[in-house]
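Trainee: Here is a sequence together with a model predicted from it:
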Amino acid sequence: MADEQKQLLEQIERLLESGDMPALGTLLSSQRSSDIAEIVELVDNEQRRVIFEVMDGPISAEVLEKVDEATRSELFDLLKDKELSSLLLHLDPDDAADVLSELPDEKRVALLDKMPPAESAQIKKLMGYVEDSAGGIMDPIVISVPEDATIAEAVNKIRAAEIDEDFYSVYVVNKTGRFLGDVRVRLLLTRPESTKIGELIDPDTIYVHVDTDQEEVRNIFSKNDLIVVPVLDRNQKLVGRITADRVIEVAEEEAAEDLYTMAGTDPDELDTFSAFHAARVRMTWLLPCLIGTLITAVVLMCFHNIFDFENISFIYTAAIFFVPMIAAISGNAGLQTSTIVVSGLATGHLAALKLSQVFSRETRIALLVALSCAFIGGTICAVFLFVSKNHADTERALSILRLVFAFGTAMFSAIMVATTLGLFLPFFFRRIGIDPAISSGPLVTTANDSISVAIYMSLTLLLAS
């Protein structure tokens, strides 16, 4: 925490202890809502209750929207329904819809019923869109004018509009409400007032539809350096807009979700402060991994029975020493490939969208990595076994050489298989509608371990026995 935040926290705590509510209200009114939100996340529920009592409604609403989900969950229980519905009215409809989506259905309906019908209907409409779509993140408040309006009429409409957000263009629609394009505000200021808006329309206006995925929206903003983009329904009618600040939030959400998925957990564990809740979420991922490692153990046990004949158990014993090396190196090689592909898919880079191009590049890289690891690993294996054993027995020395060859071959094969999985699985998961980031998670890496160990032990049995 920055020094300024520490000082603010100390000031707030002193005022809370002294009970000087007027001074506390004055202090909070001079602070940014984002700074207050960080403080609210640190104090206990009793102090949160007092803080919300002394803050003005608009500031309280912004703080409620900016705190993390776990803190907001506790505030839902702390604040009365009447207070919550009042705070939600101070938020933009899209932000209010996001907050309400975290509540149980019954409480959500109760809060919506307490709101004025117009605001409630607007929020309900937003909540009807898929949460991660353009419709789910858009702001429904837009300024639009008919194509036959003059600049003077457009300016008058802007003056009369009740809109708190900044805007950079005016959207133009035809008589049926279909979107035609936009007109930049600067043109309204530099052209004669009698000019028809239809003459100034930018025909190449970039737009998205309500069902466009929010990740694609983010990529559109990034590639075209946009500040705002209009949102259209299936009939090409203007229904809202998405601004750059909202896209930044989306980018943070998507990045966090990918990180959680790759780590083998889920953003749901941050819904509350409960350690049991977080442990349950993590165990839903770890239990399948536990089963995966059990499969690896079963593979080794099966090979133990196969090796246990004609006095070649020595080969099995020596081979088992290097199982962790095979599993770790092949798993990490596959993880590197899947991470590169997942990142490319997330950012929309064309190279990642073309499987053939990615395959060509990653195959060459995998061959070089596999050959290098096979040579280095085989050398380590040879040095370790020859130094640790007395090899006056020529037959035993030949067995070790065969084992070293088997190890190098297995290392090469395991890396190539793991890299292939790391390359194809993200595309496969994306094709069937699953987050590609799961291909870099512990479930897939555990499967890689089992496969690489099976390859290693099979080649050892084939080449070294």
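Mentor: Structure received. Numbering: from 1, shown residues only.
Trainee: From here on, just use CA atoms for contacts and neighbour counts.
Mentor: Will do.
Trainee: Which residues does the helix or strand Leu180 falls within contact?
Mentor: Assigned by DSSP states H and E, Leu180 belongs to strand 179-184. Strand 179-184 is contacted from outside by 168-174, 197, 200-205, 232, 236-238, using Cα atoms under 8 Å, 6 or more residues apart in numbering.
Trainee: And the strands in the stretch 251-400 of the chain?
Mentor: Along the stretch 251-400 of the chain, no stretch is classed among the strands by DSSP state E, counting those that start in this stretch.
Trainee: can you give me the helices for it?
Mentor: 275-307, 313-320, 323-347, 350-353, 355-388, 394-431 (DSSP state H, counting those that start in this stretch).
Trainee: So which elements touch the helix or strand just after the longest one?
Mentor: Put plainly, it is helix 394-431. Using DSSP H and E, the helix or strand that follows helix 394-431 in sequence is helix 442-464. Applying 3 or more Cα pairs under 8 Å, 6 or more residues apart in numbering; DSSP states H and E, one finds that helix 442-464 contacts helix 275-307, helix 313-320, helix 323-347, helix 394-431.
Trainee: Next, the buried residues of the strand holding Leu180.
Mentor: Under the neighbour-count criterion of 16 or more other Cα atoms under 10 Å, strand 179-184 has Phe179, Leu180, Gly181, Asp182, Val183 buried.
Trainee: For those, please prepare TSV with the additional fields distance to Ser29.
Mentor: Converted to TSV, the buried residues of strand 179-184 look like this (distance: Cα to Cα, whole Å):
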residue	distance to Ser29
Phe179	41
Leu180	43
Gly181	41
Asp182	38
Val183	38
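Trainee: Where does the prediction get shaky in the stretch 201-350 of the chain?
Mentor: 256-275, 277-279, 281-290, 292-293, 296, 300, 303-318, 346-350 (pLDDT under 70).
Trainee: Now with 50, please.
Mentor: 309, 311, 350 (pLDDT under 50).
Trainee: how does the chain divide into domains?
Mentor: For the chain, automatic domain parsing gives the domain ranges 3-129, 144-243, 269-464.
Trainee: ok, of those domains, where does mean pLDDT dip lowest?
Mentor: With a mean of 73, domain 269-464 has the lowest mean pLDDT of those.
Trainee: Ignoring the adjacent residues along the chain, who's closest to Ala23?
Mentor: Leu15 (7.2 Å; Cα to Cα, 6 or more residues apart in numbering).
Trainee: Could you say whether Phe167 sits in a helix, a strand or coil?
Mentor: Counting by DSSP: H, G, I helix; E, B strand; the rest coil, the backbone at Phe167 sits in coil.
Trainee: And it, how far from Ala161?
Mentor: 12 Å (Cα to Cα, to the nearest Å).
Trainee: And for Asp98?
Mentor: 25 Å.
Trainee: rewinding a little: now the strand holding Leu180 - C-alpha only, PDB.
Mentor: Extracted as PDB, the C-alpha positions of strand 179-184 are listed here (Å, rounded to 0.1, in the frame of the first residue of the first chain):
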ATOM      1  CA  PHE A 179     -27.500   2.600 -37.900                       C
ATOM      2  CA  LEU A 180     -25.900   4.500 -40.700                       C
ATOM      3  CA  GLY A 181     -22.600   5.700 -39.200                       C
ATOM      4  CA  ASP A 182     -21.200   8.400 -36.900                       C
ATOM      5  CA  VAL A 183     -20.200  12.000 -37.100                       C
ATOM      6  CA  ARG A 184     -17.300  13.300 -35.100                       C
END
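Trainee: Quick check on the closest residue to Leu79 other than its chain neighbours: phi, psi?
Mentor: By the measure of Cα to Cα, 6+ apart, the closest residue to Leu79 outside its immediate chain neighbours is Arg49, 7.7 Å from it. In terms of degrees, to the nearest 10, the main-chain angles of Arg49 are phi -60, psi -40.
Trainee: ok, now Lys196?
Mentor: phi -80, psi 140.
Trainee: Could you do Lys114 as well?
Mentor: phi -80, psi -10.
Trainee: how close does it sit to Pro58?
Mentor: Taken as Cα to Cα, the span from Lys114 to Pro58 is 18 Å.
Trainee: Same question for Phe428.
Mentor: 46 Å.
Trainee: quick one: contacts of stretch 360-372?
Mentor: Under Cα under 8 Å, 6+ apart, the answer for stretch 360-372 is Ala333, Thr337, Met411, Phe412, Ser413, Ile415, Met416, Thr419, Leu423.
Trainee: TSV for these, including neighbour count?
Mentor: Shown next, in TSV, are the contacts of stretch 360-372 (neighbours: other Cα atoms under 10 Å):
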residue	neighbour count
Ala333	21
Thr337	24
Met411	30
Phe412	25
Ser413	21
Ile415	29
Met416	22
Thr419	27
Leu423	26
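Trainee: want to throw these into CSV with distance to Gln11?
Mentor: Formatted as CSV, those follow (distance: Cα to Cα, whole Å):
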residue, distance to Gln11
Ala333, 51
Thr337, 50
Met411, 61
Phe412, 62
Ser413, 63
Ile415, 57
Met416, 60
Thr419, 55
Leu423, 54
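Trainee: Could you work out the most separated pair of those?
Mentor: The largest separation in the contacts of stretch 360-372, counting by Cα to Cα, is between Met411 and Leu423 at 18.1 Å.
Trainee: Right, I'll leave it there.
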